[in-house]
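> Got a sequence here, can you model it:
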Amino acid sequence: MSIVEVKVPDIGDFESVSVIELMVKVGDTIKVDQSLITVESDKASMEIPSSHAGVIKELKVKLGDKVKEGVVLAMVESSEASASAPSAAPAAPAPSAPAPVAASSNAAATSAPAAASSLELLVPDIGDFKDVAVIEVMVKVGDSVKAEQSLITVESDKASMEIPSSHAGVIESLRVKVGDKVNRGDLLGMIKGVAQASAPVSAGAPAPSAVASAPAPSTAPVSQASLPVQPSSASAHQPAQSASSLAKVPHASPSIRKLAREFGIPLERVTGTGPKGRIGVEDLHTYSKSVMSAQANASHAGSSSQGADSGAALGLLPWPKVDFAKFGEVERKALGRIKKISGANLHRNWVMIPHVTNHDDADITELEAFRVQTNKENEKAGVKVTMLAFLIKACVSALKAFPEFNSSLDGEELVYKKYFHIGFAADTPNGLMVPVIKDADQKGILQISKEMGELAKKAREGKLSPAEMTGACFTISSLGGIGGRYFTPIINAPEVAILGVCKSQTEPVWDGKQFVPRLMLPLSLSWDHRVIDGAMAARFNAHLAAILADFRRVLL
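Numbers count the residues shown, from 1 in each chain. Predicted coordinates for the structure are as follows:
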């Protein structure tokens, strides 16, 4: 055990940055590269990591202090060598003391045989999405990132998603910016692996920052504004940012940036009223109020964006422009992002697909009794079986019997799918999401129920991956226990049909001799008349209702 000093590493050109957060306290056990404090310059905020693992014995800084490279942050009782200091040469008599930088390439090779190389960060499999837009860049050059840490946020016509890093290390260069379009396999940037952090630098080869004595990048996540232009091949094709563009980086803490992302506020448009133009919570509120006020004042004049929805392109009368405020008090709220995206898709689907909807009822009296009994028997397993799980399995049987329902139009060809992926609409605080149960034909009711629960939870938390929302052959939109009788669900292109179900009700049904109480489930099947005709749709609904009435038919 020894007491070591943990100092501020190389933080670039910043001088006397302010301590705005203490992330540890005396007595805490810390790891190498664990963040100790957050500092803030006039351009950006950053976290300062520890160069040693051990127990905090004394903190040398407090909130409001000014620190710079070399200032002692804490005294740590450590039982291991520094993660960022060069390893001692084999012949060194005192292995606990930092060894000087090797003077020859042979010595460097002896102490660091496995220095990490630059790696490409590529867009992973994002399903069927093409040309998704980058709406947020969550890291900058010089940042230390972990494997699976989010790098960028992209937005498709269905949802937004975060793209994670495939490796841990230090960001060397970024090839994308807000507004770019990306696809699977596109290069996001270059990253230097974490092994580079512990490799000594040879005197004959300059360090990546062109300063031979500088610490490895992973020990100090540096603001993009402080990094020199790299002459390496990894960044040769990336234009250097000008000082003026770097100066425009909004001056805000990580918590304010997170809050702005949640409310969809562009920080570059917010005027900060804090020291040196720092943006605070009140500044976000002020900006939000000004935007809402401007929208209310301009409501009577309409907006140019209404032209796209005015119907003029279809030869229809212009959309009516009304000053609603003259009739009474009004309140305006912007449409949520998911609703705006899904709205455009629903509009297209409704206009381009000739919808027809068949309504029917299925007798689920015995099936509901079986479902309740199944849940009692599997109560300890923690899996709750819903009627929707049985519907998914029943739809698979109907799709097999009527393959046209499991097809898609591609020009003048009909594509018949040999797989059975079923989407189900999930209601979330951010809008309607459609997770997909893959290969439902190969799964039992319990497995389908378990996957549905997991996917629905992810949907509510906004954590669905692109792969979990794509590839559906057929979709079920269930209003569950909310109520209602029938409705007309809109087909989710390029599918050719969608099933809507409402709340089941007990009704008197004639059995040939008398009226008996039966639990009836309302079915609403919308189908594309270009692919399916009325007779086929009626048979599909009849087949589905027969299976739900006697689920043993699934085995036939």
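
> Tell me which residues touch the residue lying closest to Asn349 once chain neighbours are set aside, please.
Leaving aside its sequence neighbours, Asn349 sits nearest to Ala493 (Cβ to Cβ, 6 or more residues apart in numbering; 4.9 Å). Using the backbone N, CA and C atoms, a C-beta is placed for each residue, glycine as well. By Cβ atoms under 8 Å, 6 or more residues apart in numbering, the residues touching Ala493 are Asn345, Arg348, Asn349, Met352, Ile353.

> Show me just the buried residues among the residues you listed.
For the contacts of Ala493, a neighbour count by 16 or more other Cβ atoms under 10 Å gives the buried set as Asn349, Ile353.

> Identify the bridge partners of the nearest residue to Glu162 once chain neighbours are set aside.
Distance criterion Cβ to Cβ, 6+ apart; nearest residue to Glu162, sequence neighbours excluded, is Ser150 at 3.9 Å. Taking DSSP bridges as the rule, Ser150 bridges to Pro164.

> what's around Ser150, how many residues?
14 (other Cβ atoms under 10 Å).

> That one is in contact with Asp143, isn't it?
No. Checked against Cβ atoms under 8 Å, the pair Ser150 and Asp143 is beyond contact range at 11.6 Å.

> if I look at Ala53, how far off is Gly512?
Distance of Ala53 to Gly512, given as Cβ to Cβ, to the nearest Å: 79 Å.

> which of these two has more neighbours?
More crowded of Ala53 and Gly512, by other Cβ under 10 Å: Ala53, with 18 against 4.

> Quick check, that one in contact with Lys31.
Yes. Look at Ala53 against Lys31 with Cβ under 8 Å: they come within range, at 5.1 Å.

> Could you spell out the sheet neighbours of the longest strand along the chain, each with its direction?
If you go by DSSP state E, the chain has its longest strand at strand 515-528. The pairing partners recorded for strand 515-528 under DSSP bridges are strand 355-363 (antiparallel), strand 497-501 (antiparallel), strand 505-510 (antiparallel).

> Compare those and report which one is nearest to Ser2.
For those, proximity to Ser2 was assessed by Cβ to Cβ; strand 497-501 is nearest, at 67.8 Å.

> could I get that closest one in CSV with only the CA atoms?
Output of strand 497-501 as CSV, limited to C-alpha atoms (Å, rounded to 0.1, in the frame of the first residue of the first chain):
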residue,chain,number,x,y,z
ALA,A,497,-53.2,-6.2,-43.9
ILE,A,498,-53.6,-5.3,-40.3
LEU,A,499,-55.8,-6.7,-37.5
GLY,A,500,-57.5,-4.5,-35.0
VAL,A,501,-59.0,-5.9,-31.8
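
> I would like the residues contacting that strand, please.
Counting by Cβ under 8 Å, 6+ apart, residues outside strand 497-501 touching it are 388, 391, 395, 405, 474-479, 486-492, 521-528, 532, 537, 540, 544.

> from the chain's centre, how far out does it sit?
Strand 497-501 sits 28 Å away from the centroid of its parent chain (Cα atoms, centre = their mean, to the nearest Å).

> That strand - what's its average pLDDT?
Strand 497-501 shows a mean pLDDT of 96.

> do stretch 451-461 as well
pLDDT averaged over stretch 451-461 gives 91.

> Show me which positions of the longest strand of the chain end up buried.
Buried residues in strand 515-528, counting neighbours by 16+ other Cβ under 10 Å, are found at Arg518, Leu519, Met520, Leu521, Pro522, Leu523, Ser524, Leu525, Ser526, Trp527, Asp528.

> mind saving the C-alpha coords of that strand as CSV?
C-alpha atoms of strand 515-528 as CSV (Å, rounded to 0.1, in the frame of the first residue of the first chain):
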residue,chain,number,x,y,z
PHE,A,515,-79.3,-17.9,-25.6
VAL,A,516,-76.2,-18.5,-23.6
PRO,A,517,-73.6,-16.0,-22.3
ARG,A,518,-70.4,-16.0,-24.4
LEU,A,519,-67.3,-13.9,-24.3
MET,A,520,-67.0,-12.2,-27.7
LEU,A,521,-63.9,-10.5,-29.1
PRO,A,522,-64.4,-7.8,-31.8
LEU,A,523,-62.1,-8.2,-34.9
SER,A,524,-61.4,-5.5,-37.5
LEU,A,525,-59.3,-6.6,-40.4
SER,A,526,-58.1,-4.0,-42.8
TRP,A,527,-56.7,-5.2,-46.1
ASP,A,528,-55.2,-3.9,-49.4
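
> Name the strands paired with the helix or strand where Met190 lies and say parallel or antiparallel.
If you go by DSSP states H and E, Met190 is part of strand 187-193. Using DSSP bridges, the strands paired with strand 187-193 are strand 118-122 (antiparallel), strand 169-174 (antiparallel).

> was I right about Lys192 contacting Ala168?
No. Taking Cβ under 8 Å as the definition, Lys192 is not a contact partner of Ala168, at 10.1 Å.

> Between the two, tell me which one has more neighbours.
Comparing Lys192 with Ala168 by other Cβ under 10 Å, the one with more neighbours is Lys192, at 24 against 17.
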